[in-house]
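*Asks:* sequence below, structure please.
(chains A and B)
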Amino acid sequence: MRKTVIFFGSFVLTWIFLAGIQDETPFYVPAKWPKPHYDFSQNPLSKEKFELGRTLFYDPDLSRDSTISCANCHLQYSGFTHIDHSLSHGIDGKIGTRNAPVLINLAWQQFFHWDGGVSSLNKQAINPLTHAKEMDNRLDEVLRRLNKSSFYRNRFYLAFGDSVIETATLLKALASFTVSLVSANSTYDQVKRGESSFTNQEESGYQLFKKYCASCHQEPLFMKNEFKSNGINYVPALGDLGRMGITNRKEDSILFKIPTLRNIAFSFPYMHDGRFKQLKDVLNHYGNLHGNSTFYSKELKKLNRPLSSNEQKDLIAFLKTLSDQEFLFNPKFKYPKNERNTSF
Amino acid sequence: MKQLVTFMVFMVFYHQAHTQLNVSVHWGTEPIRLEKYYFLGKDSLMFHELKLYLSDFQFEKETRKHVLVGPQLIDLEDTNSLVLFPNFPIAEYQTFRFNFGLDSSYHVSESVDGPLNPMNGMYWAWNSGYIQFKCTGTSSSIPLTDKTFEYHLGGYRQPFETLEAIQIPIKGNTLILDIKPFFEQTVDFPLVQRVIIPGKLAQSYCRELSKSFRTE
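*Replies:* Sure thing, here's the model as predicted:
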């Protein structure tokens, strides 16, 4: 009997140990959060895939002239956006037409890009890799370079059991990294878990947030898989019709995806064209819309007056509680140190 | 001996003629060749690239059905893509149905293999989904200096879905899409040289093209 218990116990411990290794990716579903939208059955996560995706994410050889990587426009300490750049800068100094979005909690997103034109996180990476103003490469050239690299062939074999790198495995590797960028340990989260509490000012800001902002920026993700007017009119110089550019329907004109507000204090500038440098600029914008235009969504009309100076301070104090230092400085998401740099 | 040779030649011919579906894109009665001039009224026209998706074939004879699900990419540059279903006894069926284009399940599919590989040049990265019919070329009737036209017809979201269901009798084992009527009667080169986004125009163009399938 004792031998049986020892044997069974050893088996359980070994299983737990192995499961722990397999599960050694930073992705997790925080308690009380909704079910992720990402279909993990199509791309089960593993440590090998995550690390491979991370290496690819930081590799400038994926761009046409090997000068820029995904991380150029998606820096970790800003919530994986292009901090201080209103419009994203790509290859040859070319400037795009939109502010680079943050990469936070992507597993819960149904649509990608400001217009939601991309419906699959796995396929999203094709855009920056091939866009003429971003990395401007061709998929066949990316695959040629990767397949020439013994480092990558090795890593793809470890991750996918095949050293021949193909479109599907390239995209799944990149998605394994980006889908793992979970931010759920801000002051707000700690308060919700009963580990901390808001200051009076933060609590006051939270109440304002719930009254005026939460219908679009829904807790706990502070986003919504929908498209709304943000009160910014069409800018001819940018020619950005928002969601209408995807659906070609008039009712979708100048609607944009509702972004997350997590880590918002670190991800400036704001809005789809990055026109506002500070949070108070955004609040002034929303407070001065005179919300009677048919163009504005009903959610925008809730705030039909400018916020007072104190209200703004309170609301900003709350928004700062959405900053997640553990996420922004998590070493698992940083530039990886491996032998990649000498492999080509 | 002579009878045996005749029989064997017949069998080889029969086998080739009836056990695969050939696909041909025509200009009237002539199979189109890329980079060749064709007459369009008093003007000329040349195709640089011509690709399309066909999908989900269903062959029928009375109550018998045979379904061959899956996307097929037809690319005039790739002769292998012009032969579908090798060793399939097409002659045993009377009619068949298929889709001109891909239905929404393919557009939102996570698959990027084979015909759905974005490297085939049919994937819209900016607007997840595939182009159903793509042709580019030049025509002397285009009032632009480069004389080029570009039709990337696609879209799977309502109300601008471009998928067309086709049902035609099997009169032979070559499926022909004749695009001459489309260019003669639908396309207005002086006005529209480019359709590269989903919308009403892409939808109506696909509908018109779908009327020009036949078998021989």
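*Asks:* in the stretch 51-200 of chain A, where is pLDDT below threshold?
*Replies:* In the prediction, the stretch 51-200 of chain A carries no residues with pLDDT under 70.
*Asks:* around chain B, pick out the residues from it.
*Replies:* A:113, A:117-120, A:122-123, A:126-127, A:130-131, A:138-140, A:166-168, A:171 (C-beta under 8 Å from any C-beta of the partner chain). C-beta here means a position set from N, CA and C on the backbone, and glycine is covered the same way.
*Asks:* OK, contacts around residue B:51?
*Replies:* Counting by C-beta atoms under 8 Å, 6 or more residues apart in numbering or on different chains, residue B:51 touches B:73-76, B:120-122, B:131, B:133-135.
*Asks:* do residue A:66 as well
*Replies:* If you count contacts by C-beta under 8 Å, 6+ apart, then residue A:66 has residue A:60 around it.
*Asks:* quick check: phi and psi on it?
*Replies:* Residue A:66 adopts backbone torsions of phi 60, psi 30, taken as degrees, to the nearest 10.
*Asks:* ok, now how distant is it from residue A:142?
*Replies:* Distance of residue A:66 to residue A:142, given as C-beta to C-beta, to the nearest Å: 11 Å.
*Asks:* before we move on, back to that, just put the contacts of residue B:51 in a markdown table and tack on secondary structure and neighbour count.
*Replies:* Below are the contacts of residue B:51 laid out as a markdown table (DSSP: H, G, I helix; E, B strand; the rest coil; neighbours: other C-beta atoms under 10 Å in any protein chain shown):
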| residue | secondary structure | neighbour count |
| --- | --- | --- |
| B:73 | strand | 20 |
| B:74 | strand | 20 |
| B:75 | strand | 18 |
| B:76 | coil | 21 |
| B:120 | helix | 19 |
| B:121 | coil | 13 |
| B:122 | coil | 24 |
| B:131 | strand | 24 |
| B:133 | strand | 26 |
| B:134 | strand | 21 |
| B:135 | strand | 23 |
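*Asks:* tally of neighbours for residue A:170?
*Replies:* 26 (other C-beta atoms under 10 Å in any protein chain shown).
*Asks:* where's it, which helix or strand?
*Replies:* helix A:167-178 (DSSP states H and E).
*Asks:* show me what that helix is packed against.
*Replies:* helix A:47-57, helix A:121-124, helix A:139-148, helix A:150-160 (3 or more C-beta pairs under 8 Å, 6 or more residues apart in numbering or on different chains; DSSP states H and E).
*Asks:* mean neighbour count added to those helices, as JSON lines?
*Replies:* Output for the helices and strands packed on helix A:167-178, formatted as JSON lines (neighbours: other C-beta atoms under 10 Å in any protein chain shown):
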{"stretch": "helix A:47-57", "mean neighbour count": "23"}
{"stretch": "helix A:121-124", "mean neighbour count": "24"}
{"stretch": "helix A:139-148", "mean neighbour count": "16"}
{"stretch": "helix A:150-160", "mean neighbour count": "18"}
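*Asks:* which among the ones you listed is found nearest to residue B:23?
*Replies:* Distance to residue B:23, taken as C-beta to C-beta, is lowest for helix A:139-148 among these, at 24.8 Å.
*Asks:* got the angle between the closest one and helix A:150-160?
*Replies:* 100 degrees (axes from the mean of the first three to the mean of the last three C-alpha atoms, to 10 degrees).
*Asks:* can I get helix A:139-148 in PDB, CA atoms only?
*Replies:* C-alpha atoms of helix A:139-148 as PDB (Å, rounded to 0.1, in the frame of the first residue of the first chain):
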ATOM      1  CA  LEU A 139       6.400  37.000 -46.800                       C
ATOM      2  CA  ASP A 140       8.400  34.800 -49.100                       C
ATOM      3  CA  GLU A 141      11.500  36.900 -48.300                       C
ATOM      4  CA  VAL A 142      10.900  36.700 -44.600                       C
ATOM      5  CA  LEU A 143      10.600  32.900 -44.800                       C
ATOM      6  CA  ARG A 144      13.700  32.700 -47.000                       C
ATOM      7  CA  ARG A 145      15.700  34.600 -44.400                       C
ATOM      8  CA  LEU A 146      14.400  32.600 -41.500                       C
ATOM      9  CA  ASN A 147      14.900  29.200 -43.300                       C
ATOM     10  CA  LYS A 148      18.600  30.200 -44.000                       C
END
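*Asks:* tell me what that helix is packed against?
*Replies:* Using 3+ C-beta pairs under 8 Å, 6+ apart: helix A:139-148 touches helix A:126-130, helix A:150-160, helix A:167-178.
*Asks:* in chain A, which spans are strands?
*Replies:* Assigned by DSSP state E, chain A shows strands spanning A:224-228, A:256-258.
*Asks:* also chain B?
*Replies:* B:21-27, B:30-31, B:37-40, B:43-61, B:64-75, B:83-84, B:95-100, B:131-139, B:148-154, B:164-169, B:174-178, B:194-195, B:213-215.
*Asks:* a markdown table for those, including mean pLDDT?
*Replies:* Below are the strands of chain B laid out as a markdown table (pLDDT from 0 to 100):
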| stretch | mean pLDDT |
| --- | --- |
| strand B:21-27 | 97 |
| strand B:30-31 | 96 |
| strand B:37-40 | 94 |
| strand B:43-61 | 97 |
| strand B:64-75 | 96 |
| strand B:83-84 | 96 |
| strand B:95-100 | 97 |
| strand B:131-139 | 97 |
| strand B:148-154 | 96 |
| strand B:164-169 | 97 |
| strand B:174-178 | 97 |
| strand B:194-195 | 96 |
| strand B:213-215 | 96 |
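*Asks:* which of the ones you listed sits closest to residue A:315?
*Replies:* Across the strands of chain B, closest to residue A:315 is strand B:148-154 (C-beta to C-beta), at 43.6 Å.
*Asks:* returning to that earlier point: and the helix holding residue A:170, what's buried?
*Replies:* Neighbour counts over helix A:167-178 (16 or more other C-beta atoms under 10 Å in any protein chain shown) mark A:167-178 as buried.
*Asks:* now that helix against helix A:150-160, angle please.
*Replies:* Using the same axes, to 10 degrees, helix A:167-178 lies at 80 degrees relative to helix A:150-160.
*Asks:* ok now helix A:167-178, how far from the chain's centre?
*Replies:* The chain centre lies 15 Å from the centre of helix A:167-178; the measure is C-alpha atoms, centre = their mean, to the nearest Å.
*Asks:* ok, the residue nearest to residue B:58 when sequence neighbours are not counted - how many residues close by?
*Replies:* For residue B:58, ignoring the flanking residues on the chain, the nearest one in space by C-beta to C-beta, 6 or more residues apart in numbering or on different chains is residue B:97 at 4.5 Å. Other residues within reach of residue B:97, judged by other C-beta under 10 Å, total 15.
*Asks:* same deal with residue A:136?
*Replies:* Residues near residue A:136, counting by other C-beta under 10 Å: 18.
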